[in-house]
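**Student:** just need the structure, nothing else, for what follows:
(one chain, ligands or ions: 1)
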Amino acid sequence: MAYDYDLFVIGGGSGGVRAARVASATGAKVALAEDDRYGGTCVIRGCVPKKLMVFASEFSNLPDEARAYGWDMSLGDFDWCGFRDRLHGELDRLEGVYRSLLSNSGVTMYDARAQLKDPNTVTLSTGEEVTAKHILVATGGHPVRPEIPNAHLGIVSDDLFHLEALPKSMLIVGGGYIACEFACVMAGLGVDVTLYYRGAQILRGFDEEARGIIAEGMSEKGIDLHFGTNIVDMAPASEDHSASGALTSSDASMGAPANEPETRDISKDHDGPIWVKATNGKEAVFDKVLFATGRAPNTQDMGLEEIGVELGRGGEIVVDDYSQTAVPSVYAIGDVTNRVNLTPVAIREGMAFVETVFKDNPTPVDHKLIPSAVFTQPEFGTVGLTEDEAREQEPVHVYCTSFRPMRTAFAGQPYRVLMKLVVSRDTDRVLGCHIVAPGAGEMIQLAGVAIKMGATKADFDRTVAVHPTMSEEIVTMRDPMRTG
Ligand code: FAD
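**Tutor:** Numbers count the residues shown, from 1 in each chain. Got it, this is the predicted structure:
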């Protein structure tokens, strides 16, 4: 049967754009549908705008440090609107780059939402219907709000980049990397930040010791961390409620908001302060509440299950090692499969898909030893197993050092860094490397190469230190701190 295209990609984000381009380069006839903006989460509402906000927020540390180094420097005002408009200018430019990359690669673009009609047919919101030999679903995910009364009053990460003004106070709910990164960013921009997390420590799933040092660093930045805490109710703040950001005790004299949550008549676009009641009974008022409480795959109303594509419990598309779904002509990559939700992974999955389907070279995706960074302040770079994971797997030596780095210690700042290697006692291979330090994201990329190559502790030991740096400690730790 003759199809309109060899490949139809749904979703113009990191994974979809890369897969479409490299498939087209093999000579395949390729089309792609995007219902929002090209570049997807990473470029429009994720990695890129976030990192630019991280950069913006880091300048506030400079004057204190600079003064210790002899400079006469003071912190001026931060112009949020000026920065935000420049940021969007940059995102527009990048979206244009993505569009040109696709058109220059010969990919036909549909600015439309796509749904699957059958294993080889896609229907578009424009009313068009196209057929393809292979369909690649790369629709990513979206942030989800928790199921609490009036959760719509809170914003999600997508909204942060569009704020009309910088709030004076912000409650961030969540303890994952997005919550922690934005807590540091907003604090750096001068916002009074409180973080509620229902767990006992931020950054669940990462190395325990690193989590502790990052939490310490965040507290030192003035972020008010509350663990074991969640919101039970929220409402537009009335005049009776306390001043912005002030925590109050929820006793009888304080009183609850006038109406019960179910019956409150609240405008969807309420932009004023928000009253919040926490699980510990405390009440507080914040200018903004940000929910960073998780993301869900974009698989709703796409006709996936109807044609036989299997979805997991969280709505993610279930795929095999080659990203193939239960329907042989339909593949899925990136966040919509909820494997490892990172941009470079979505890109790799897209390239492995093209190798498999268009280059006759079946290529499973390698999800082992993926280096990654959390852009908190202090920054975190990590690759491989955490100490706890490694101990469960086999006997290990743990090499670890924590110290105040020269640059900030000289300025009298309390921040500590962490350098940690988890090493197999049997093979001497480095199983995990965890770095909390300024620039840790850059450091872990390079450590990741060695560790992916199978470097042993002896390899680290025989590498000469670069002095004076923070990262020299990674090759100078002689004795294990712990063995287990
Ligand atoms: P996406 O990039 O989400 O692209 C999916 C696209 O599909 C979207 O453009 C969407 O509009 C479109 N779409 C959805 N449904 C349809 C449909 N039915 N029809 C047509 N089009 C559709 N990763 C990192 O590696 N480093 C980071 O620092 C980092 N920071 C992040 C910060 C934030 C705040 C967030 C939210 C994410 C961050 N990520 C980071 C994760 C990263 O952005 C994602 O892993 C990556 O974008 C996933 O790419 P994707 O191709 O799977 O999906």
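
**Student:** only C-alpha atoms for contact and neighbour calcs from this point on.
**Tutor:** Fine.

**Student:** then the helix or strand containing Met234 to PDB, C-alphas only?
**Tutor:** Using DSSP states H and E, Met234 sits within strand 231-236. Provided in PDB are the C-alpha atoms of strand 231-236 (Å, rounded to 0.1, in the frame of the first residue of the first chain):
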ATOM      1  CA  ILE A 231      -1.200  21.900  51.400                       C
ATOM      2  CA  VAL A 232      -4.700  20.800  52.600                       C
ATOM      3  CA  ASP A 233      -6.600  23.900  51.500                       C
ATOM      4  CA  MET A 234      -6.000  27.200  49.700                       C
ATOM      5  CA  ALA A 235      -8.200  30.200  48.700                       C
ATOM      6  CA  PRO A 236      -7.800  33.800  47.600                       C
END
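
**Student:** name the surrounding residues that touch that strand.
**Tutor:** If you take C-alpha atoms under 8 Å, 6 or more residues apart in numbering as the criterion, strand 231-236 is touched by 148-151, 153, 173, 196, 257, 261, 266, 270, 272-279.

**Student:** okay, now Ala326: neighbour count?
**Tutor:** Applying other C-alpha atoms under 10 Å, we find 18 residues neighbouring Ala326.

**Student:** just the buried residues of stretch 94-104, please?
**Tutor:** Buried residues in stretch 94-104, counting neighbours by 16 or more other C-alpha atoms under 10 Å, are found at 94-95, 98-99, 102.

**Student:** okay, those in a markdown table with secondary structure and distance to the ligand next?
**Tutor:** Formatted as a markdown table, those follow (DSSP: H, G, I helix; E, B strand; the rest coil; distance: C-alpha to the nearest ligand atom, whole Å):
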| residue | secondary structure | distance to the ligand |
| --- | --- | --- |
| Leu94 | helix | 13 |
| Glu95 | helix | 10 |
| Tyr98 | helix | 11 |
| Arg99 | helix | 12 |
| Leu102 | helix | 14 |
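
**Student:** out of those residues, which is nearest to Ala210?
**Tutor:** Checking those against Ala210 by C-alpha to C-alpha gives Leu94 as the nearest, at 33.8 Å.

**Student:** show me the contacts for the closest residue to Ala437 other than its chain neighbours.
**Tutor:** Spatially, and ignoring its direct neighbours in sequence, Ala437 is nearest to Val417 (4.8 Å; C-alpha to C-alpha, 6 or more residues apart in numbering). Neighbouring residues of Val417 by C-alpha under 8 Å, 6+ apart: 213, 378, 402-405, 435-437.

**Student:** which of those fall in helices?
**Tutor:** Per DSSP state H, helices hold the following members of the contacts of Val417: Ile213.

**Student:** buried subset of the contacts of Val417, written for PyMOL?
**Tutor:** Entered in PyMOL, the line below selects the buried ones among these, by 16+ other C-alpha under 10 Å:
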select buried, resi 213+378+402+404+405+435+436+437
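
**Student:** what segments of the stretch 301-450 of the chain are strands?
**Tutor:** For the stretch 301-450 of the chain, the strands defined by DSSP state E, counting those that start in this stretch cover 330-332, 372-374, 380-384, 396-403, 417-424, 430-436.

**Student:** from Val436, how far out is Met380?
**Tutor:** If you look again at residue 380, you'll see it is Phe, not Met. The gap separating Phe380 from Val436 is 4 Å, by C-alpha to C-alpha, to the nearest Å.

**Student:** joint contacts of those two?
**Tutor:** Contacts common to Phe380 and Val436, judged by C-alpha under 8 Å, 6+ apart, are 210, 214.

**Student:** surely Ile213 touches Pro414?
**Tutor:** No. Between Ile213 and Pro414 there is no contact under C-alpha atoms under 8 Å: 11.5 Å.

**Student:** mean confidence score for the strand holding Met234?
**Tutor:** For strand 231-236, the mean pLDDT works out to 95.

**Student:** sheet-wise, list the partners of that strand with their directions.
**Tutor:** Using DSSP bridges, the strands paired with strand 231-236 are strand 274-278 (antiparallel).

**Student:** for whichever helix or strand comes after the partner strand, name the packing helices and strands.
**Tutor:** As assigned by DSSP H and E, the chain's next helix or strand after strand 274-278 is strand 283-286. Applying 3 or more C-alpha pairs under 8 Å, 6 or more residues apart in numbering; DSSP states H and E, one finds that strand 283-286 contacts strand 169-173, strand 247-248, strand 274-278.

**Student:** return the most buried member of those.
**Tutor:** The highest mean neighbour count among the helices and strands packed on strand 283-286, using mean count of other C-alpha atoms under 10 Å, belongs to strand 169-173: a mean of 25.

**Student:** what residues does the next helix or strand after that strand touch?
**Tutor:** As assigned by DSSP H and E, the chain's next helix or strand after strand 169-173 is helix 177-188. With contacts defined as C-alpha under 8 Å, 6+ apart, helix 177-188 is touched by 50, 53-54, 57-61, 157, 172-174, 192-195, 202-203, 218, 221-223, 291-293, 374-377.

**Student:** try stretch 23-31
**Tutor:** In contact with stretch 23-31 (C-alpha under 8 Å, 6+ apart) are residues 5-9, 20, 105-110, 354, 358-359.

**Student:** to Gly314, which of the helices and strands packed on strand 283-286 lies closest?
**Tutor:** Of all those, strand 169-173 comes closest under C-alpha to C-alpha, at 20.4 Å.

**Student:** neighbouring strands - and their directions - for that closest one?
**Tutor:** Counting by DSSP bridges, the strands paired with strand 169-173 are strand 192-197 (parallel), strand 288-291 (parallel).

**Student:** mind checking which of those strands is nearest Val475?
**Tutor:** strand 192-197 (35.5 Å).

**Student:** can you show me the CA trace of the closest one as PDB?
**Tutor:** Only the C-alpha atoms of strand 192-197 are listed here, as PDB (Å, rounded to 0.1, in the frame of the first residue of the first chain):
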ATOM      1  CA  ASP A 192      10.900  35.200  49.700                       C
ATOM      2  CA  VAL A 193      10.700  31.500  49.100                       C
ATOM      3  CA  THR A 194       9.000  28.800  51.200                       C
ATOM      4  CA  LEU A 195       9.000  25.100  50.100                       C
ATOM      5  CA  TYR A 196       6.600  22.500  51.300                       C
ATOM      6  CA  TYR A 197       7.500  18.900  50.600                       C
END
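
**Student:** in PDB, list the C-alpha atoms belonging to the helix or strand where Ser57 lies.
**Tutor:** Ser57 belongs to helix 47-58 when assigned by DSSP H and E. What follows is helix 47-58, C-alpha atoms only, in PDB (Å, rounded to 0.1, in the frame of the first residue of the first chain):
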ATOM      1  CA  CYS A  47      15.700  23.500  30.200                       C
ATOM      2  CA  VAL A  48      16.500  26.600  28.200                       C
ATOM      3  CA  PRO A  49      14.300  29.300  29.900                       C
ATOM      4  CA  LYS A  50      15.100  27.700  33.200                       C
ATOM      5  CA  LYS A  51      18.900  27.900  32.700                       C
ATOM      6  CA  LEU A  52      18.600  31.500  31.700                       C
ATOM      7  CA  MET A  53      16.700  32.200  34.900                       C
ATOM      8  CA  VAL A  54      19.400  30.300  36.800                       C
ATOM      9  CA  PHE A  55      22.000  32.600  35.300                       C
ATOM     10  CA  ALA A  56      19.900  35.700  36.100                       C
ATOM     11  CA  SER A  57      19.500  34.600  39.700                       C
ATOM     12  CA  GLU A  58      23.200  33.900  40.300                       C
END
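
**Student:** that one versus helix 177-188: what angle between them?
**Tutor:** Counting by axes from the mean of the first three to the mean of the last three C-alpha atoms, to 10 degrees, helix 47-58 lies at 30 degrees to helix 177-188.

**Student:** perfect, that will be all.
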